[in-house]
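**Student:** Predicted structure and sequence below. I'll ask about it afterward.
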Amino acid sequence: MSSPFNGIQQCATISLTINDNDPVPTATTVPTIAFASTRTPTRTFTPTPRPTATRTPTVTSSFTSTVALSTWYISCNNLTGPLRVRSGVEIGSQFQEDLPIGTQVIRPDLIETSALDFPQYIRIRIYYPLGQQIEIAYVTIRDLVANDGEYLDTVRDPVCPTPAPASSPTYVTGILPAVSGTNNLLGTPVSTNRGTQVAVSNQPPPNDARNDRLYALSLVDFLNLDSGLVEESDELVNFVRSNLLTDGSGNPILQAGDYVFINSFAGPNTDYHGLIVVGWQSPQNCSVIVDQATPALNPNQLYASYSEAFANPNVPRNSDGNAIVVPYVADFTTAQSPIPRPFYCTRYFEPGKLGFAPHDWWFFHLPNQITLPYSSIYTNPSWQWSN
Amino acid sequence: MKHVMFAIFVFVSLSFNINSITAQESVEMIGVTDLSWNADGTILAVAGFTSEKGIIQLFDANGQFLREWDAIADTITLSPLGDKLASTMAGGAYAIWDTNTGEIMTYFTWSTMPSTSTTNDLSIYWTSDGENVIVIGGFFAEMHNAQTGELVSTYGNSSTDDLVPRDQIGYTAWDIDRNQISISKADYSIEVWDAITGEQISEYQHSSFVVELGLNANGTQLAFASDDLTLYILDIQALSIVNTLTGLNGLPRNIEWSPDSTLIAISNAVSRPIDIWGVEMGQILETFVVADNAFVTSLNFTPFGGQLVFGAYARGDVLQIVETTIPFDQIGGAQLFVPAPSLERLQTIAESCGAMSLLEQSIGGDITDAALPSIITQLQAATADQIPPACAADLIAIAEAIQSQ
């Protein structure tokens, strides 16, 4: 049988060595990214002063700044996990003054909040009425303490697992920050090397302003994620195509070699995770596509991009003229077998495999080549060739 | 269970050729994300969105608009008395609202998993005393105090040790009378947990995926579907399958029993119809066809079971909620129709709400087709002391539906 990874060869010069199934890294477990160059650089983070608790933060946005009407504080001081903003960020909280009338706090947006992310801010997401630009507001964190890694914790969240100050501020959800630039992993002076997050353009507004992901629960219109049965493939194709950022021709930019992040961390023994996009092919029932005894897919049949699939006259079209294809992904850990499968099959429980907890999908488009200057390459002082 | 629904946000002008009873004061919804009745059917809450914002609206049993407030809500559940409403949206943020004021009383997020996570089930359940709400996380159902938002207890798994993704909660159903929750898991099991003691009561092991749960009104039978497109009826006490309905039109998104347990309404994927199954006959009695781009987000029988209420939104450029020959009514953005109208059903519901003596006064004998005009007149004139308004509304709707057949 052909290698399930053949599809990747159609894409870019980038190759990634990722072990996202490892525990959320700390300073001692920095994710490793190996590039297809003659060197295999390993990059780590330099700890920076961390934010600490606050009593009287302010909220700023692209519009203007205004003072939050209620008290905000950080509840966890263990920065191996996301910061929590509690109290005052009430659903429906009305921002007044210069913000648009009707602006509401949806919830603290913790997914991108980390110690390295905006060292003096916590990112929250607020809802703006339709017609207003959706922006990210920042809560200014005051009362920084002098020593790195020490944080005040005025009112500690009872669920905060570790009351002691964190010794390491590093918090990285796999390769996500690297490819998105969120944590500036590949930032200055190589910011042009960053990948881009594939915006989900058409999806939510009425109920959620977070247009950065494909929601599992929005896909239930077309398929059953648990059983992996596709019920409305035409509608599914239209939905996926219309919800992923497209190029100038209206075709999704996602292609083989790109990256999918899943927030599969739902408790103990689960973890955030990431998979590689291996191409585009027709939507299939998951039980069929992952059946190792009778493989339904020859990996060589994967199309590198939607455009490539569309250009092939043999690829079926739906009634709207769209090619009936969806992104395929492959897992590189033991949670699932590495058989390429439609992206939604990451929710399917493959027999004999651990599987993933419920999750959504974030798509990232990677540059075809990433260049790091020598000066930006960090080598662990304890590293030896024998390693 | 309730899934979160997302709609393409479109600006459309609706033109329903139906008998709308929406009060003029309410803002017009263009999509419904969820709806909920209180226990006695005196209040219907509808969550959805207008062309500009998310909104929650309240109506009385006759469909008269009560009040509304701005809120982004994917799922909602009224407390038994209807004085409070719990809502949530994707992301694990839950709010408790005072329905008299539209103000938030408290809010909370998941305690057993990060709010960055995703859950299969956004259902919210009230305990019978209205003191607590149960929400669904990844591995645990969480009971929170409705006044403070504090975590009271968890159940769904016995401990956090050795949990694997297959232990995650799939679908749930709630027995408010017994304060028990049924939970399906990815390992094909269905477990019943006591929400007060936090103990698991029983477990049924199925042979394949369990898709959606629906508990009947007296909590004795649990309906669920599997990927063989069969609806299974599980006896909760005996833990045995007592009935199977084969030939589903798709995997259900909603399974709703009528209060008398004779009907099961099922909604399916986008563009798929609502099917009304006769439980005893084991076949589809009626199919309510929705538009090609419509997705049914919520499905509820009225508390006395005379009408089926559903909410929907459209995917696509034009909002065309239904295409059907079955007459339907509207409360806000919610649609109502009478499933399987018949004189027998009219009589059954009249008996269930103590209205038979009143009707017999007007017709002087059996309920017949000829007596329907008199029945309608009698019901329209009845006071709340004579017959519960929600029941009167149901009986009138059934009578009118029979007349229109």
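**Tutor:** Looks like it arrived, so ask away.
**Student:** give me the low-pLDDT residue ranges for the stretch 51-200 of chain A?
**Tutor:** Flagging of the stretch 51-200 of chain A using pLDDT under 70 yields the residue ranges A:51-197, A:199-200.
**Student:** Apologies, that question was intended for the stretch 251-400 of chain B.
**Tutor:** Along the stretch 251-400 of chain B, the model assigns pLDDT under 70 to residues B:292, B:315-332.
**Student:** ok, which residues in it are in contact with chain A?
**Tutor:** Counting by CB under 8 Å from any CB of the partner chain, the positions of the stretch 251-400 of chain B adjacent to chain A are B:L251, B:R253, B:N268, B:A269, B:V270, B:S271, B:R272, B:F295, B:R315. All C-beta atoms are positioned from the backbone trio N, CA, C, and that covers glycine.
**Student:** could these go into TSV alongside neighbour count and secondary structure?
**Tutor:** Output for these, formatted as TSV (neighbours: other CB atoms under 10 Å in any protein chain shown; DSSP: H, G, I helix; E, B strand; the rest coil):
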residue	neighbour count	secondary structure
B:L251	23	coil
B:R253	26	coil
B:N268	23	coil
B:A269	23	coil
B:V270	26	coil
B:S271	22	coil
B:R272	24	coil
B:F295	29	strand
B:R315	26	coil
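**Student:** Could you identify the most distant pair in those?
**Tutor:** Longest distance between any two of those is 17.9 Å, between B:L251 and B:R315; criterion CB to CB.
**Student:** Name the residue of chain B that lies nearest to chain A.
**Tutor:** Nearest to chain A, among the residues of chain B, is B:G138, at 2.9 Å (CB to the nearest CB).
**Student:** if I pick that residue, what's in contact with it?
**Tutor:** By CB atoms under 8 Å, 6 or more residues apart in numbering or on different chains, B:G138 lies in contact with A:A266, A:G267, A:T270, A:A357, A:P358, B:T112, B:M113, B:S117, B:T118, B:T119, B:Q168, B:I169.
**Student:** wait, is B:R166 part of a helix?
**Tutor:** Yes. The assignment for B:R166, made by DSSP: H, G, I helix; E, B strand; the rest coil, places it in a helix.
**Student:** Surely B:L81 is in contact with B:T42?
**Tutor:** No. At 9.3 Å, B:L81 does not count as touching B:T42 under the criterion of CB atoms under 8 Å.
**Student:** Which residue, other than its chain neighbours, is closest to B:K84?
**Tutor:** B:I96 (5.8 Å; CB to CB, 6 or more residues apart in numbering or on different chains).
**Student:** Ok, B:I233 next?
**Tutor:** B:N243 (3.8 Å).
**Student:** Helices along chain B, start to end?
**Tutor:** B:343-352, B:356-363, B:372-381, B:389-404 (DSSP state H).
**Student:** Mind putting those into TSV with mean neighbour count?
**Tutor:** Output for these, formatted as TSV (neighbours: other CB atoms under 10 Å in any protein chain shown):
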stretch	mean neighbour count
helix B:343-352	19
helix B:356-363	16
helix B:372-381	16
helix B:389-404	22
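**Student:** want to throw the ones you listed into CSV with distance to B:Y204?
**Tutor:** What follows is the helices of chain B, written out as CSV (distance: least, CB to CB, whole Å):
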stretch, distance to B:Y204
helix B:343-352, 30
helix B:356-363, 39
helix B:372-381, 42
helix B:389-404, 33
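**Student:** of all the ones you listed, which lies closest to A:E308?
**Tutor:** Nearest of the helices of chain B to A:E308, taken as CB to CB: helix B:389-404 at 54.2 Å.
**Student:** for that closest one, packing partners?
**Tutor:** Applying 3 or more CB pairs under 8 Å, 6 or more residues apart in numbering or on different chains; DSSP states H and E, we find helix B:389-404 packed against helix B:343-352, helix B:372-381.
**Student:** Identify whichever of those lies nearest to B:I190.
**Tutor:** In terms of CB to CB, the element of the helices and strands packed on helix B:389-404 nearest to B:I190 is helix B:343-352, at 28.8 Å.
**Student:** Can you spell out which helices and strands pack onto that closest one?
**Tutor:** Helices and strands touching helix B:343-352, by 3+ CB pairs under 8 Å, 6+ apart, are helix B:356-363, helix B:389-404.
**Student:** try 6 Å this time
**Tutor:** helix B:389-404 (3 or more CB pairs under 6 Å, 6 or more residues apart in numbering or on different chains; DSSP states H and E).
**Student:** what's in contact with the helix it packs on?
**Tutor:** Applying CB atoms under 6 Å, 6 or more residues apart in numbering or on different chains, the contact partners of helix B:389-404 are B:41, B:61-62, B:302-304, B:306-307, B:327, B:338, B:341, B:346, B:349-350, B:353, B:372, B:375-376, B:379, B:382.
**Student:** okay, it in PDB with CA atoms only?
**Tutor:** The C-alpha coordinates for helix B:389-404 follow below in PDB (Å, rounded to 0.1, in the frame of the first residue of the first chain):
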ATOM      1  CA  PRO B 389     -54.800  28.700  28.900                       C
ATOM      2  CA  ALA B 390     -52.100  26.600  27.300                       C
ATOM      3  CA  CYS B 391     -54.600  23.700  27.100                       C
ATOM      4  CA  ALA B 392     -57.300  25.900  25.600                       C
ATOM      5  CA  ALA B 393     -54.800  27.100  23.000                       C
ATOM      6  CA  ASP B 394     -53.900  23.500  22.100                       C
ATOM      7  CA  LEU B 395     -57.600  22.400  21.900                       C
ATOM      8  CA  ILE B 396     -58.500  25.300  19.700                       C
ATOM      9  CA  ALA B 397     -55.600  24.700  17.400                       C
ATOM     10  CA  ILE B 398     -56.500  21.000  17.100                       C
ATOM     11  CA  ALA B 399     -60.100  21.800  16.400                       C
ATOM     12  CA  GLU B 400     -59.200  24.200  13.700                       C
ATOM     13  CA  ALA B 401     -56.700  21.800  12.200                       C
ATOM     14  CA  ILE B 402     -59.400  19.100  12.000                       C
ATOM     15  CA  GLN B 403     -61.700  21.600  10.300                       C
ATOM     16  CA  SER B 404     -59.100  22.500   7.800                       C
END
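**Student:** Brilliant, that's me finished.
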